[in-house]
Every structure is written in structure tokens, then in C-alpha cells.
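Visitor: Give me a model of this one.
(chains A and B)
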Amino acid sequence: MTLPLANATILLVEDDPNAQLVTLDLLRMGGANRCYSRRSVDSAIAFAEKLPQVDLFLVDINMPQKSGFDLLDEVRQHDRLKKALVVAVSAGTLDIDTSRIRKFGFDGFISKPLRAAEFARQVQRILDGERIWEVN
Amino acid sequence: MDQVYSKELRADTATLLIPIIAGITALTTLLVAISFETFATSWHLWLSFILATLSGLYGWQAMRKERPVLGATIVTVAHLCIFFLIIYQNWSPGSMIPYLFAVLIIASSMFAQPDYGFLIWGIAALLTTIGISHHTEGFIDLLQYVAGPIVVNFFIAGAAYVSALEWQLAVESVSALHLKAQHRRDELFEIQEELRLTNAKLHSTNEELEKARETAVAERDLRTRFMNQVSHELRTPINAIVNFAHILGQGELGQVNNRQVDYLTRIEKSGWHSMSVLNDLLDLAQMNAGEFRLRRELADVRAICEEAMSSVRSLLRNPDIALVRDYPETWPQIMVDPKRFRQALLNLLGNAAKYTDDGQITLRVRQHQHTATFEIEDTGIGIAEEHHETVFEEFRQLDETIARHRIGTGLGLPISRHLIERHGGTLTLSSEPGKGSTFTITLPLAPQEKDNVNGSGSAATIAPERPF
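Guide: Below you'll find the model as predicted:
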């Protein structure tokens, strides 16, 4: 079950360029080697299909067109990708959001702003099979 | 009302009986008239027949127009006339005609007034006398023939009077009963109508309430969406600010000197501070909208206290300040929303850290008979008596100059009090300027069932020792 961050393939789905840069930098600083990012659900799925394996999707909830919920649906129905972990990374943190995210079947939730000092550890905990629901 | 009703009932009966009486008279006179050979000898009978028919018709009409006295009078007078005509024209001693007509006259007068009985008798007696005197010569003769019918008439009139009285009584008692029933029915109708109206009112009130509720729900949804939007829109740039600063400060993108690191750290801290202000404001907005939802559970209070105590370390103004844990041997069992309880504790501890320059900050936990208390005691600047309530008001910070140095929105205490009160507890303050402050959270212990759950657990461990 345990997968070191360094060996994990992580695909970030995030439409905000700043958040994309920040998240990828923080992942790399934490030791991740295979991190990719795409700006929409469709392009992320298309890209994931070309990768040999995706261990973790980090997905923004609020995106134009398809949302994080759509991505979760598509991944879970995908023959090859359905086993991947899908974690919501969202700036919406009110109860109404977080409880919906929990119920929907995500493998975890990390709120934005990301806690730089802890983010990589949070991702590692998720890769270790822990379900985390953390609001910063 | 009562009289109107008995009149009605009287009219009802008269409407039925008057035509029958008139019919008998008309039929009798007609049959007798036919038996006569010439019109010259039977004209009075034909006239009687016409009178009986017309009086019957008009009397009946009057009855139907609810004028029973008039109707009865018409028929009675017509009968008196017929009676007179017959005696006058065609009477022989021992004739039964006066008796027959006496009965019919009295019967028809019954529907007028009880008093009519003797009046009619008087008139009938007079008419009899006049009629018979036409046929006789001399006073003795007249007396001989007239006395009999008049006396009989008198008795019949008396009987008619009595029966009319009884009739009246019967009509009245029946009408009283009927009236009562009608009253009851009217009342029931009224009640029914009232119920219908009330029902309709309730229905419309219900509809209004439903509409109001829908509007409120729509407004709340709109507000919630708006707050979510605000939260989202502010968190997104703060995410970039604090984390770009962090990445730069870590030297990931090239060497940074000490001053640059200091500034980048300040940017990062300021960013996080604005985050906490945003969270406080959102909490406050939710509080004021009454939309604070708690997820209460039998929480691990010890872990929450420990977490809060270790988090507060980074907020201390002076590393020499001691954090004292005054914990009980057995921890109280309380039902709290862990996230919200931690938030309240952190607010109070953070508040203590903010206003304490040296000395110590103590978290004292105690269990009492029905409650648990959490005291946050500091050796800080303290709060004057007159401000003990204002500190719990929104947007109040006691000393503006101090507040400027110790950043914050002044929302921590009001939010904490609200959170604790939502848990059914209280948050109080005792403080003396210069000596320090103590904030006390008092929360009710979890209900007994929860103890029973544990109790059954321990019972299970005891069970094997019991002989079966």
C-alpha cells in the first residue's frame, strides 16, 4: 500500500495558473518526481490515458465547465484509472462544501491555501492509504 | 322568533285543513243543490257552493302567503254566511244542518285565534236566531227551536275554544322543540361555517408560511453561495501569496539573504493572518444568520486540549512564558463538535498569548457533578471590570493602542462565546487589570446513556466472573 512520494505519479487538475505553480513546486520540494498538471478535466483524462500509471489525482473542485466532481465520476468509471486515488483540493471550505465532498467519495480533502510546510506530508499520508479531511 | 315560528306551524296545518273544510262545505252544498228541482228553491245552495269554493281558494291563498288569521277568518265568515243562508231559506225543526255547520265553523275558526271561539258562537247564535225567526211565529215557538242549536253551539264553541288553546299549546311546544332543533342546527351550521373559514384561513396562512419559508431558504442558499464564493475568491489569491513567499523563502529558486527571508516570512504570516480574519468573518456571518451547524460527538477532550496547547506555543510573545497543563485524572465526557471546541479553546489560548508578556498561561480542566469546566488563566494585562461584557461584543477591542500592536479582529471572543453557548454551555471571564484574566468554559457532561455504554462495556468484563 505504501508508495513513497518520490515514486508516485501525481496528476494535478487545476485551472488557476498560480495554484498550479504553487502546488507543483510544493510537491517537488517535498520530493515528488513525477508530477504533471492539466487545466481541465477533459485534458487531464486524455493525458492520464497516455501515462503508464496515475497514482493520485489532485483535483480542484471549482473549475469552469467540468468540476472536480465530474473528474471523480469519470475516473471511477474509467477501466484503467478507476483505482487511482482522487483528492479534492479546494478553496471552498464551508461545511456545505466539505460534507458534500466527503459524501461524494473522494479519497481526501485538502483546503487552499495549502500549508507549505505540511502539504507534502499530507500527500504522503494519502498515498499511505490514510483518508484526510483537512481545512487549513 | 318563537312566535314567528309557531305562526308558521299554524299556517302549515291550516294550509292543509282549510281546503278540506271548504271542500266538505262545497261538496255538501253542491249535492243538496242538485237534489232540488228548481233553481228558485235552490239558489241559496248554489250561492253557498260558490261562496265555499271562493272562500276556500282565497283562504288557502292567504294561508300560503303566511297570513293564517286572515285565511281562517275568510273561511269562517264564509261559513257563517252559508250557515245563515241555509237556516234562513231552508230550515225545518230537527234539521242537523246547524250542527254540521257549527262543527265546520269552529274547525275553521281554530286556525284564527283561540278567542274567536266565543265570538263565533255569538255570531252563529245571532244568525241562528235571525234565520229561525224567519220560519217561526211567536217568541215561544222561536225559543223552542232556537234554544237547542244555540246551547249545542255554545258547548261546541267551548270545546273549540279549549281545543284551540290546546292546539295553541301543542303548536307552541312543538314549535319550541322544533325551534330548539333549528337553533341547534343553525349553531351547527355556524360552527361548520366558522370551521370552514378557520380552515381556509389556516390553509392560506400555511401557504404564506410555506412561501416565507421558501423565500428564507432561497435567501439562505443565496447567502451561503455568496459566502462560499467570497471564501473561495479570497482563499485563492492568499494561497498564491503565502506559498510563493514560502517557496522563495526556502531558497528554492536561488539564494536569498536574511532580510529577504525575513520579509518573505512576514508576507507569509500576514497572508495566514488575513486567512484567520476571513475565517472569523465567515463564522460571524454564519452565526448571525443562525446557520451554525454543530457535529457533536463524544469527543476525545484530552487530545483536543493537547492539540490546542501545542498550537498556542507558536503564538507566545515570549518563549519563557510557561504553558501549564492542570489536567484531571479522569477526563470529563462531553458532547462537542471537536472542530468548533478546538476553535474556541484556540481562540481563548491565543487571546491569552496575545496579551501576556511574561508569566504563565494555564489550561485547567475540572469535572463537577453535572458539568465540566475549562479555565484558561493568564498572567497578562488583565481586563477592567467594566469591560468584562464588552470583550464578548463583536468588533470591540479594549485598548485601541494595544490592539494595534496585537493584531486581530476582536471577533475571537464573541465567536468563542457563541460556539460554547451553542453547545449548551457558558463562557465567563474574571479578571483584574495588571494581574491577569481567567476565561471559564462550562459545558454540561454527556447524558447518562453514554455512561451506560461504558458501563455495559465494563459489565461485560465482569460477567465471566459471575457463576452461571
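
Visitor: I'd like to know which helix or strand in chain A has the lowest mean pLDDT.
Guide: helix A:95-104 (a mean of 74; mean pLDDT, DSSP states H and E).

Visitor: Chain B too?
Guide: Lowest on mean pLDDT, DSSP H and E among the helices and strands of chain B sits helix B:448-462, with a mean of 44.

Visitor: re earlier: which element follows the least confident helix or strand of chain A toward the C-terminus?
Guide: strand A:108-111 (DSSP states H and E).

Visitor: Please identify the pairing partners of that next one and their relative orientation?
Guide: Here strand A:108-111 has these sheet partners by DSSP bridges: strand A:85-90 (parallel), strand A:132-134 (parallel).

Visitor: Please enumerate the helices of chain A.
Guide: Applying DSSP state H to chain A gives helices spanning A:17-29, A:41-50, A:68-76, A:95-104, A:116-127.

Visitor: Redo the ones you listed as CSV? Include mean neighbour count and distance to B:Thr76.
Guide: The C-beta positions use only the backbone N, C-alpha and C, and glycine is treated the same way. Converted to CSV, the helices of chain A look like this (neighbours: other Cβ atoms under 10 Å in any protein chain shown; distance: least, Cβ to Cβ, whole Å):
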stretch, mean neighbour count, distance to B:Thr76
helix A:17-29, 19, 112
helix A:41-50, 16, 106
helix A:68-76, 19, 99
helix A:95-104, 16, 93
helix A:116-127, 19, 113
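
Visitor: worst average pLDDT in these?
Guide: Looking over the helices of chain A, mean pLDDT reaches its minimum on helix A:95-104, with a mean of 74.

Visitor: Identify the residues contacting that one?
Guide: The contact list for helix A:95-104 (Cβ atoms under 8 Å, 6 or more residues apart in numbering or on different chains) reads A:Ile61, A:Phe69, A:Leu72, A:Ala88, A:Ser90, A:Phe109, A:Trp133, A:Val135, B:Thr224, B:Asn228, B:Arg293.

Visitor: tell me the angle of that helix relative to strand A:85-90?
Guide: Going by axes from the mean of the first three to the mean of the last three Cα atoms, to 10 degrees, helix A:95-104 is angled at 170 degrees with respect to strand A:85-90.

Visitor: picking that back up, neighbour-wise, which one of the contacts of helix A:95-104 leads?
Guide: Highest neighbour count within the contacts of helix A:95-104: A:Ala88, with 28 neighbours (other Cβ atoms under 10 Å in any protein chain shown).

Visitor: Okay, and the beta partners of that residue?
Guide: With DSSP bridges as the rule, A:Ala88 is bridged to A:Val59, A:Phe109.

Visitor: In space, what's closest to B:Pro433 - neighbours in sequence excluded?
Guide: Spatial nearest neighbour of B:Pro433, chain neighbours left out: B:Gly382 (4.2 Å); criterion: Cβ to Cβ, 6 or more residues apart in numbering or on different chains.

Visitor: Which helix or which strand is home to the one you found?
Guide: Using DSSP H and E, no helix or strand contains B:Gly382.

Visitor: Look up phi and psi at it.
Guide: With angles defined as degrees, to the nearest 10, B:Gly382 sits at phi 80, psi 170.

Visitor: give the contact list for it.
Guide: Applying Cβ under 8 Å, 6+ apart to B:Gly382 gives the contacts B:Ser431, B:Glu432, B:Pro433, B:Gly434, B:Lys435, B:Gly436, B:Ser437.

Visitor: Let me see the contact set for the second one.
Guide: Residues touching B:Glu432, when contacts are defined by Cβ under 8 Å, 6+ apart, comprise B:Gly382.

Visitor: Who's the closest spatial neighbour of the residue nearest to the spatial centre of chain A, skipping the chain neighbours?
Guide: The structure's chain A has its C-alpha centroid closest to A:Leu58; by Cα atoms, centre = their mean the separation is 0.9 Å. Spatial nearest neighbour of A:Leu58, excluding adjacent residues (Cβ to Cβ, 6+ apart): A:Leu12 at 4.7 Å.

Visitor: Look up how far chain B lies from the one you found.
Guide: Distance, A:Leu12 to chain B, using Cβ to the nearest Cβ, to the nearest Å: 13 Å.

Visitor: how many other residues sit next to that residue?
Guide: The number of residues packed around A:Leu12, counting by other Cβ under 10 Å, is 21.

Visitor: can you pull the pLDDT of it?
Guide: Note on A:Leu12: pLDDT of 96.

Visitor: before we move on, back to that, okay, the strands paired with strand A:108-111 in JSON lines with mean pLDDT and distance to B:Ile106 next?
Guide: Conversion of the strands paired with strand A:108-111 to JSON lines gives the following (pLDDT from 0 to 100; distance: least, Cβ to Cβ, whole Å):
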{"stretch": "strand A:85-90", "mean pLDDT": "92", "distance to B:Ile106": "106"}
{"stretch": "strand A:132-134", "mean pLDDT": "81", "distance to B:Ile106": "105"}
